[in-house]
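Visitor: Build me a model from this:
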Amino acid sequence: MGYQYTMLEHLINLIIKKFGFQKIVRAHEGDKWVKKFDTKSHFTVMMYGQITGKDSLRDIVNGLKMHESKLYHLGLKGFSKSSLSDAGRKRDWEIWREIFYEIKGRIEGRGKHGFRFKGKLYLLDSTIIELSIGLFEWASYRRRKGGIKLHTLLEVDRMIPEVVVVGEARGHDISYAREMVEGIIQDSIIVFDRGYIDYGWFRELDEKGIYFVTRAKRGMDYVVSGQMLSWKSRQKIKKYLQIFLLAIVILSIKHLISIKCKRNY
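Guide: Model (predicted):
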């Protein structure tokens, strides 16, 4: 069987190559006088322990021994519980602190965009994770399919999930959305797809001063009551952002029965 590139190896290589790992190690002389168990190996072992939820150094070492055939590709050579213990005691702890803040800063900076909003920007979406219907009968949602649905509210600035909910695959998105946005403050913006369209929910968001962006459903009945920008500004938006209509609309009477907003859209 050929070699398989593991997720742990991919994660380690990303941090080593892209996050200034070696620069931080050199600044603190983390590998000075070290012959075998260098800082990279130490970091790899501890990352494995963190991700797999190991409770002790012995547990980490025993767990890695079960994957000896893959240790070479992780850059790990022979090491023991005592060498791991010695490294943890002698290696400068400030190395780990700087690496942590470097990774944290990069993650928080990934969501930066060219637009400036008064409030926070959120993305709301869901995805089905398929499960074997033979093993998980309780997860049935179609005749021959099983699965669960993962609902996520993502804060764009930090690219970190604000709320994550696991529910039934057959459940309606809107039933989870109401609870997920309870902690969202005024002037925030939530972006979601047509699966979350519910005019009563739109009214609730409006009353809280929360803005939302979505796509119109087919057959949605509305009347354009005015334009939001000048003709020149609309042409620029159409050219660069592919937005073909930016207008104030009023929903038809059948929609207004369930939604009474403070402002038109």
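Visitor: Could you report the distance from W201 to H73?
Guide: Distance from W201 to H73, counting by CB to CB, to the nearest Å: 49 Å. (Glycine included, C-beta is placed from N, CA and C.)
Visitor: Same drill for those two, tell me which one is more crowded.
Guide: Each of W201 and H73 has its neighbours counted (other CB atoms under 10 Å); W201 has more, 17 against 13.
Visitor: Need the outlier residue of this protein, farthest from its centre.
Guide: W33 (40.1 Å; CA atoms, centre = their mean).
Visitor: where does that residue sit relative to W231, distance-wise?
Guide: Computed with CB to CB, the distance linking W33 and W231 is 72 Å.
Visitor: What strand or helix carries the residue farthest from the centre of the chain?
Guide: Under the criterion DSSP states H and E, no helix or strand holds W33.
Visitor: which ones are touching it?
Guide: Contact analysis of W33 by CB atoms under 8 Å, 6 or more residues apart in numbering lists nothing.
Visitor: In terms of helices and strands, where is the residue nearest to T52 when sequence neighbours are not counted?
Guide: Using CB to CB, 6 or more residues apart in numbering and skipping the chain neighbours, the partner closest in space to T52 is G63 (6.2 Å). If you go by DSSP H and E, G63 is part of helix 57-65.
Visitor: hmm, who's touching that helix?
Guide: Identification of contacts with helix 57-65 by CB under 8 Å, 6+ apart yields 45-46, 48-49, 52, 54, 71, 76, 79-81, 84-85, 88.
Visitor: Against R91, how distant is the residue farthest from the centre of the chain?
Guide: For W33, the distance to R91 (CB to CB) stands at 11 Å.
Visitor: repeat for S225
Guide: From S225 across to R91, the span is 66 Å (CB to CB).
Visitor: out of those two, which sits in the more crowded spot?
Guide: Using other CB under 10 Å, the more surrounded residue of S225 and R91 is R91, with 21 against 11.
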